[in-house]
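**Q** fold the following.
(one chain, ligands or ions: 1)
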Amino acid sequence: MNHILHVVGARPNFVKAAPVLRAMRNAGLRQALVHTGQHYDRNMSDVFFTELEIPEPDFNLEVGSGSHAAQTAEIMRRFETVVLERKPDVVLVYGDVNSTVAAALVCSKLLIPVGHVEAGLRSFDRTMPEEINRMVTDRLSDFLFTPSEDGDRNLKHEGVSESRIHRVGNVMIDSLIRQLPAARSFPKNGFPDRFALVTLHRPSNVDDSGSLQRVLQSLIDVSGQLDIIFPVHPRTRQRISDFGLKTERLHLLEPMPYIEFLSLQSRAAVVITDSGGIQEETTFLGVPCLTLRANTERPITVEVGTNVLVGDDKDKLDSELNKILVGKGKKGSVPALWDGHTGERIARVIASL
Ligand code: UD1
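**A** Purely as a prediction, here's the structure:
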């Protein structure tokens, strides 16, 4: 395999690509990195490159924010130029963000093979923009790298031939395992001993003023029982301010660098989130996770891990939280192949082409 192009754009992509880039470099493969610029704030992007030791991108498309159509189209327009110039043999895309689907579309029209890292996940909820991105990207991809058995099953159901599916494990857990020693020795920085760690950014939770107000009120109620540490995604901060909502008693912080956030996750009494990746990280860490969504594309975190879906059901949030606080929270185990070597398995598949 001559020349591999990796495409990343948003925060979770950086965490997923870092181990693959490292494994491919160690395998002596020729590669280049494209950052679409979907995430551009220092604390949403640069700091992840530094901490995860990701090389400087060879191309930065600087697309920035926009509507889904505008952002996706702009990534496609700018990325096409890179592909025509570089003529890669294969392009690797990560996760389920707009950058992922945009790059996959460009490549498939130019007849460049695409590998999708984190293929096969399905929430079966098409109101989630990420679900559309996952379905379309998988449909267009030649190499489908899945994290768990449910991913394989979903793809086979959709008629994908088995020869295209490679179950390699969870690449996000590679990054976690590598950075965990640094996270465990990270200074406590005045954070309390016992706290709930919260993240929130799904459009379904934050884009509607009523929904966001209800979630924030539930969290304010929880803060009667334990401190709430809440690093706020830029989208959510914008909505809180647009809607003029109250956040008293919640410790609102800027988005956090990876290692500090991992250190808080590993020490949290409970994590309350609507993120996808955090459901997986808490499962690996054995930390209870209450997910503020009605469904998940990562069912294995519920089946074998520490994750419980509470949706927007405040009573369920309260009762699950109470179980956790008295030490009766859900115990879980770590899924197969979430072992820190997924990047190497992907590199081996690509090297063998
Ligand atoms: C994107 C992904 C989501 C992922 C999340 C992780 C899609 C469809 N969604 O959602 O799957 O879980 O990233 O963070 O791709 N903004 C900034 N600075 C930044 C980036 C964004 O201020 O560096 C603000 C802008 O106001 C922007 C808004 O956040 O309009 C949303 O950003 P966008 O990248 O469109 O989606 P996310 O909500 O971050």
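**Q** when you work out contacts or count neighbours from here on, use the C-alpha atoms and nothing else.
**A** OK.
**Q** show me where the stretch 151-300 of the chain has strands.
**A** 165-167, 195-199, 227-231, 250-253, 270-273, 289-291 (DSSP state E, counting those that start in this stretch).
**Q** quick one: secondary structure of the residue nearest to Thr100 when sequence neighbours are not counted?
**A** In space, and not counting its chain neighbours, Thr100 is closest to Val93: 5.4 Å by CA to CA, 6 or more residues apart in numbering. Applying DSSP: H, G, I helix; E, B strand; the rest coil to Val93 yields a three-state assignment of strand.
**Q** what's the local residue count around the closest residue to Phe195 other than its chain neighbours?
**A** Distances taken as CA to CA, 6+ apart put Asp227 closest to Phe195, at 4.7 Å, once the chain neighbours are dropped. Asp227 has 20 neighbours, counted by other CA atoms under 10 Å.
**Q** does Asp227 touch Arg194 like I think?
**A** Yes. At 7.1 Å, Asp227 counts as touching Arg194 under the criterion of CA atoms under 8 Å.
**Q** flag every buried residue along stretch 339-352.
**A** Neighbour-count burial for stretch 339-352, with 16 or more other CA atoms under 10 Å as criterion, is recorded at 339-347, 350.
**Q** for stretch 159-168, same thing?
**A** For stretch 159-168, the neighbour count (16+ other CA under 10 Å) marks 160, 165-168 as buried.
**Q** now swap in stretch 87-96 and tell me
**A** Quick answer for stretch 87-96 (16+ other CA under 10 Å): 88, 90-96.
**Q** residues in the stretch 251-353 of the chain within reach of the ligand, list them.
**A** Contacts of the stretch 251-353 of the chain with the ligand, taken as CA under 6 Å from any ligand atom, are absent.
**Q** pick out the residue of the stretch 251-353 of the chain closest to the ligand.
**A** Nearest residue of the stretch 251-353 of the chain to the ligand: Ser275, at 6.1 Å (CA to the nearest ligand atom).
**Q** neighbours around that residue, how many?
**A** Ser275 has 18 neighbours, counted by other CA under 10 Å.
**Q** thinking again about what came up before, now the buried residues of stretch 159-168 as a markdown table including distance to His6 and pLDDT?
**A** Output for the buried residues of stretch 159-168, formatted as a markdown table (distance: CA to CA, whole Å; pLDDT from 0 to 100):
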| residue | distance to His6 | pLDDT |
| --- | --- | --- |
| Val160 | 23 | 98 |
| Ile165 | 19 | 98 |
| His166 | 18 | 98 |
| Arg167 | 19 | 98 |
| Val168 | 17 | 98 |
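**Q** let's have those in TSV, adding distance to Met128.
**A** Listed next are the buried residues of stretch 159-168 as TSV, based on distance: CA to CA, whole Å:
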residue	distance to Met128
Val160	22
Ile165	24
His166	25
Arg167	25
Val168	25
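**Q** what about the closest residue to the ligand within the stretch 101-250 of the chain, distance to Gly66?
**A** Among the residues of the stretch 101-250 of the chain, Arg235 lies closest to the ligand, at 3.9 Å counting by CA to the nearest ligand atom. As judged by CA to CA, to the nearest Å, Arg235 and Gly66 stand 12 Å apart.
**Q** residue contacts, Arg11?
**A** Contact analysis of Arg11 by CA atoms under 8 Å, 6 or more residues apart in numbering lists 39, 44-45, 48.
**Q** that one and the ligand, how far apart?
**A** Distance, Arg11 to the ligand, using CA to the nearest ligand atom, to the nearest Å: 5 Å.
**Q** whatever residue of the chain ends up closest to the ligand: what's it in contact with?
**A** Across the chain, the shortest distance to the ligand (CA to the nearest ligand atom) belongs to Val97, at 3.2 Å. Shown in contact with Val97 (CA under 8 Å, 6+ apart): 9-10, 130, 133.
**Q** in helices, which of these appear?
**A** Cross-referencing the contacts of Val97 against helices under DSSP state H gives 130, 133.
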